[in-house]
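Novice: fold the stuff below for me.
(2 chains)
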Amino acid sequence: KAGVTQTPRYLIKTRGQQVTLSCSPISGHRSVSWYQQTPGQGLQFLFEYFSETQRNKGNFPGRFSGRQFSNSRSEMNVSTLELGDSALYLCASSTGTSGSIGELFFGEGSRLTVL
Amino acid sequence: QKEVEQNSGPLSVPEGAIASLNCTYSDRGSQSFFWYRQYSGKSPELIMSIYSNGDKEDGRFTAQLNKASQYVSLLIRDSQPSDSATYLCAPEGGGYQKVTFGTGTKLQVIP
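Specialist: Residues are numbered from 1 along each chain as shown, chains lettered A, B, ... in the order given. Below is the predicted model of the structure:
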């Protein structure tokens, strides 16, 4: 069974630009969640999608957004990039249910550097 | 108050010893917990799930959940250098509840 696939793996942007990251979940998984990981803040929850609906969102500004498609693939977008957005962005998929997210299976991440 | 708390470490144990990792949580409604292991430069991977009070054993790993005291622990027996990693604790996100990870405990197993 193929794992969670994230693209691109590495990218460099400049301040003010925007970026879109993609995540293909494990086949059959309906929940996709996104996380930001930095050395100082650890693993921070961004948002979670289940059956194309955003069920919850972490404490991030509106510049961070996402969506999920009918095939469960998900994208997240960060607009007006700031230096502090430099981080590893992780996507995780899970089987999920209407009442739970379940065990998370992580992709390898997209490492974003903002210059 | 942080929702999930872990000692950041590093926790250093000699090879062959028992490593004990602890996690406390504030949400009494949390029912299930997961332990993830993250090697340096890699993404987290699930190593243990525990859904009810008590102990759950899987090979060298034992997870313990005490809902009354609101803590969950992970014991690693016969620790190996390959166990050196950061261990993250997380209660299960429940539908409209966000997922909250502890800051992680860095474990170093000394040969």
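Novice: which stretches of the chain have low pLDDT?
Specialist: Picking chain A for this. Applying pLDDT under 70 to chain A flags residues A:1.
Novice: please go with chain B instead
Specialist: Using pLDDT under 70, chain B drops low at B:1-2, B:94-96.
Novice: so where do the strands sit in it?
Specialist: All strands of chain B, identified by DSSP state E, fall at B:4-6, B:11-14, B:19-25, B:33-38, B:45-50, B:54-58, B:61-66, B:71-76, B:85-91, B:105-110.
Novice: just so I know, which of the ones you listed lies nearest chain A?
Specialist: For chain A, the closest of the strands of chain B is strand B:45-50, at 5.3 Å, according to CB to the nearest CB. Where C-beta positions appear, they are placed from N, C-alpha and C, glycine not excepted.
Novice: find the closest residue to chain B in chain A.
Specialist: Going by CB to the nearest CB, chain B is nearest to A:I101 of chain A, at 3.7 Å.
Novice: from A:G62, how far out is that residue?
Specialist: As for A:I101, its distance to A:G62 is 23 Å (criterion: CB to CB, to the nearest Å).
Novice: the two - which one has more neighbours?
Specialist: A:I101 (28 against 7; other CB atoms under 10 Å in any protein chain shown).
Novice: in contact with the nearest residue to the more buried one once chain neighbours are set aside, which residues?
Specialist: Excluding the flanking residues, the one nearest A:I101 by CB to CB, 6 or more residues apart in numbering or on different chains is B:G93, at 3.7 Å. The contact partners of B:G93, by CB atoms under 8 Å, 6 or more residues apart in numbering or on different chains, come to A:S33, A:F45, A:E48, A:N56, A:S100, A:I101, B:V99, B:T100.
Novice: try 7 Å
Specialist: A:E48, A:I101, B:V99 (CB atoms under 7 Å, 6 or more residues apart in numbering or on different chains).
Novice: equivalent analysis for B:N22, please.
Specialist: B:N7, B:Y71, B:S73.
Novice: how many residues are close by the closest residue to B:Q6 other than its chain neighbours?
Specialist: Counting by CB to CB, 6+ apart, B:Q6 lies nearest to B:G102, which is 3.7 Å off, once chain neighbours are set aside. Neighbours of B:G102 under the rule other CB under 10 Å: 27.
Novice: ok, the residue of chain B found nearest chain A to B:N22 distance?
Specialist: Closest residue of chain B to chain A, CB to the nearest CB: B:G93 (3.7 Å). According to CB to CB, B:G93 stands 21 Å off from B:N22.
Novice: cool, A:G66 as well?
Specialist: Taken as CB to CB, the span from A:G66 to B:N22 is 33 Å.
Novice: run through the residues of chain B sitting next to chain A.
Specialist: With CB under 7 Å from any CB of the partner chain as the criterion, chain B meets chain A at residues B:34, B:43-46, B:49, B:88, B:92-101, B:103-104.
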